[in-house]
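Asker: sharing a model prediction with you, sequence too.
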Amino acid sequence: MIEISHVSKKFDSILAVDDLTAHIEKGQVFGLVGTNEAGKSTLLRMLSGVLRPDTGSLTLDGKTIYNNSVVKQEICFLSDSGYYFPNATPADMADYYALLYPNFDRTRFDGFLKLLELDPRRKMNTFSKGMKKQVAVFLGIASGARCLLCDETFDGLDPVVRQAVKGIFAAEILDRDFTPVIASHNLRELEDICDHVGLLHKGRILLSEDLEDMKFHTQKVQCVLPNPVLERELLEDLEVVRTGRSGSLMTIVARGTGEEVMDKVNRRNPIYAEILPLSLEEIFISETEVAGYDIKDIFD
Amino acid sequence: MTSKISLTKLIANDLKRRSWLVILIALAGFFIYPVSYCMSLILARDMVTMPAPSAYGEYSRMADRLQDTAVSYFAGDTSMLPLIIVIAAVLTAYTGFSWLHSKAQTDFYAGMPQKRVHLFLVPYVSGILIAVIPYLVCALIALFGVGAAFGNVTPAVLKLALPGILWAVVGYLAVYTAAVLAMLLTGRGVLGFSLMGLILFYGPLAYLLVRAMAETSFDTYYSVTGLGQMRFYSPVTLIGMVHDSPLAGLLLIIFLVSALALCVFAMEKRPMERAEMPFVHPFIAPCVKVITGIPAAMFTGYLFSDTMTGRLGSLGWEIFWCFAAALVFNVVFEMVLSTDVKELLGHWRSAAVFFAGVLIFVCIFPLDLMGYDRFLPKEEEIESMAIGQDTLYACFADEVYMDQYAAGPDGEPLEVYLMNQALTEQFAPIYTLCREGVITPAEDNNVYVTVHYHLKSGRDVYRRYQVSKKTLGNTMTLLCENPAYRQAAYPFRYLDPADLKDMTVRSCKLTARDEVEMILDEGERKELAECLAADAGNANAGLLMESEPAGILASTIPDFSEPENEINLEQCLRSLYIYPQYQRTLAFLKDRGWVPMEQEETEEVDTVSFWIDDEQYVLTSEEDMETFFACTARPSGLQRMEGEVSLYYEIAFGDGYINADAAVITDQAAFEALKKAH
């Protein structure tokens, strides 16, 4: 559906996106994860046509997005710094969206507001930050756009609303051709909702995989081996992403299926060995350490 | 499903959100047009009229006054209209395009499914409607509604008012589009406003500054274009000129079209990531720095030099302060943009261009390395030359008034027309005069004279030299040996007998009270014009410059109803000198009962007071008064122009009549003795 091909973007001397290539399938919930200044917001702005890439192309169904009003009707961008007209109400904002998105579903939008008890005639400048974000999400969903780009949209939502929004997203995906792209630092949130994750670092994609595949092909194992020689052998045998030690207890994050990793561990007659669940956060930290971004070193 | 976005609906939505501005402009328009126009018509209707026959009597017709009021409101060069247009244009441009200066708003608008050109068109078109519709409604209500109540909707009024309204709309479009362009090229509101000011007013300001620098730096500087020329360099000033100048209208339209094209281009190419940055493109800041910095540095340098040294003649200080101002401006500019000291060194290239520009201006102006003041072409390069008549006017008139709007037949300034008429190929005496002015400018007993070089290349060059009166007198004497030159150079051949109506004549003595009104019929006016042409035409200007006039023939009121492109010397010469050499004129006047006083008459004088160096002296005795009159004289026009007036006097007569004017001291020793005694 969305093809990002060798895209670069520079702001003065800062290379925000560096020869990035990615593919977003139709119907995926695509999570865009990254360190600070990884290029997530820049990428979303290029995908929404706000910014023009310096090189490369961004297409939706083979059509260039930039300055293409027809294609952009299929995309709705929810910026991290949401904007609303001065003295506008949610109804006023909906009227404006309806002018630009021909598939805007006013009934649906009003239903969302009613669900969360938001008054459509109340001025937005009297809303809290969370309420404004709620309205933004509802406008985006009701726009009818096939692709909804959310830049840290879930931040600021309370847990109840967050769950409700996740449910709405899931329903949308089932009902129609809907592909949300969600950029966030909150990996736990993304883990719940996303089924595909793109990890950005310094303007490049470190990895882009289905979440389940990511977890399937990376394992965290804790083990105690009889002697240091076996430990060294094991570390050389495994494709190690990250290691840690607490006394004789080793914690190793390595690439491979659970079977492959345990097989290699068991061949060293461990005193103790166990595969532990790996969170997205641990995968994120491990992969970025490999790329040279070790937040732990800041505190050493 | 996709569909075409309705621009009309988007414009309507934008108008709804900016409805407060529509109301504001409509209110302003209402008070300016129907209300204020009504008040002006009431004033024009009720004005007290002058008794006819007189020029004012002609003008006093109410219909004419009402018509002129309508013309001034809808088609005149009124100062309020450009100001109102600028305010409305700046407000609408800012409110329509300030979103470009906010990252959050840029994400919102640019993320919407709209083409770039539509992002421009929607606020641009609605900005036009916001101002133009209220203006048209208010102006038409005023013209047809209020005007009808005063019977002032006539074909003559409509012929001027309707195009005037249309041009006001064109003027607004030009200024508004320039303001939009400024918003498109910047990323911050303050800089947007600054760039608006730069685009709208840089032309006239730069013109004024260059002219001021030339006037200050060049001793021989002379300009034939006048300050009116600068009005062509700004769309704001062009608005007031369109009614009289087709060129101004054309320039306004060209400006509008060019600015609009630039706006569309700027919007298409605008990098949206530049919101909240000073300028949209990196090359704009150095260009703005150089364009604004050079004139600012030069102006500040001259100002400081004048203020700190007390006179603008110290070349070293001028140059020092120019570069000092350039340094300060460079620092301030970079600090305003980035507040980063490191940027001062980072932008060294633009700083180098900036200082180089200041250096070039210093070389051209204070140092005069281009040789402006030393300009003296080879004789073989010159086709003809002329001496400007403004100096000579002072020989012929007591009060010299060169109407800045008086023009020749082709619209050129009157003095330029007269100088062109006086061009002579026998220019050797003038060339000798110029050589003196270039090589050894006179400092004492001098006079300024304008010279026109018409070169064989077709180029016209003008200079103003400081020469001695003696040399000028000799030059004029030589030139006037040629009757053809005399005919062309002396202005009296242009006197229309019809202008010589309602004149008075009086003597030039300090105690003169012999003013007589000259009521002449057509034949007599023709005869007087012939006498003056013959007497003044034969007179030697060099001799006249040294002579004391016997009398003054004064006109009453200039005829302002003349079209501006007709020569009207009454607008130049209000009162003509009658010299003792004017035998025919004096005979004419004698036949009508007037002869000039030959000496001062003190019998009826009560007191003579005079002021010199802010001190007042009062003479009451006849002996003192006679001494005073013996050592003073009424200054000639030339003496007045050269600032040779020594004192101001007031003569009080026994019947209460007071005669006050300026005088020159003819016998310094006797005068000092008189002063000492009092």
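Answerer: Sure thing, it's come through. Residues are numbered from 1 along each chain as shown, chains lettered A, B, ... in the order given.
Asker: tell me which residues touch the residue nearest to the spatial centre of chain B, please.
Answerer: Nearest residue to the geometric centre of chain B (Cα atoms, centre = their mean): B:Leu227, 4.1 Å. Going by Cβ atoms under 8 Å, 6 or more residues apart in numbering or on different chains, B:Leu227 touches B:Leu208, B:Arg211. For glycine as for every other residue, the C-beta is placed from the backbone atoms N, C-alpha and C.
Asker: how about whichever helix in chain B runs longest and chain A, any contact?
Answerer: Counting by DSSP state H, the longest helix found in chain B is helix B:155-185. No - figure legend: helix B:155-185 not in contact with chain A (Cβ under 8 Å from any Cβ of the partner chain); closest approach 15.8 Å.
Asker: which helices and strands does the helix or strand following that helix pack with?
Answerer: Following helix B:155-185 in sequence order, the next helix or strand is helix B:189-217 (DSSP states H and E). With contacts taken as 3 or more Cβ pairs under 8 Å, 6 or more residues apart in numbering or on different chains; DSSP states H and E, helix B:189-217 sits against helix B:80-97, helix B:155-185, helix B:235-239, helix B:284-309.
Asker: got the CA coordinates for the helix or strand following the first one in CSV?
Answerer: Using DSSP H and E, the helix or strand that follows helix B:80-97 towards the C-terminus is helix B:103-111. Once side chains and other backbone atoms are set aside, the C-alpha atoms of helix B:103-111 remain, and they are given as CSV (Å, rounded to 0.1, in the frame of the first residue of the first chain):
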residue,chain,number,x,y,z
LYS,B,103,4.7,24.5,12.9
ALA,B,104,1.5,23.3,14.4
GLN,B,105,-0.6,25.1,11.9
THR,B,106,1.6,24.2,9.0
ASP,B,107,1.2,20.5,9.9
PHE,B,108,-2.5,21.0,10.1
TYR,B,109,-3.1,22.9,6.8
ALA,B,110,-0.3,21.2,4.7
GLY,B,111,-1.4,17.8,5.9
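Asker: helices or strands up against the helix or strand just after helix B:103-111?
Answerer: Using DSSP H and E, the helix or strand that follows helix B:103-111 in sequence is helix B:116-140. Counting contacts by 3+ Cβ pairs under 8 Å, 6+ apart, helix B:116-140 is packed against helix B:7-17, helix B:19-30, helix B:80-97, helix B:155-185, helix B:246-269.
Asker: could you dump the ones you listed into CSV with mean pLDDT and mean neighbour count added?
Answerer: Compiled in CSV, these are given as follows (pLDDT from 0 to 100; neighbours: other Cβ atoms under 10 Å in any protein chain shown):
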stretch, mean pLDDT, mean neighbour count
helix B:7-17, 94, 17
helix B:19-30, 94, 16
helix B:80-97, 93, 21
helix B:155-185, 94, 21
helix B:246-269, 94, 16
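Asker: per-residue confidence for whatever residue of the stretch 101-250 of chain A ends up closest to chain B?
Answerer: Nearest to chain B in the stretch 101-250 of chain A, going by Cβ to the nearest Cβ, is A:Pro102, at a distance of 4.1 Å. On pLDDT, A:Pro102 comes in at 92.
Asker: quickly list the domain ranges of the chain.
Answerer: Chain wasn't specified; assuming chain A. Annotated domains of chain A cover A:2-213, A:217-299 [automatic domain parsing].
Asker: switch to chain B, please.
Answerer: Domain assignment for chain B by automatic domain parsing gives B:7-201+B:229-275, B:494-591, B:605-677.
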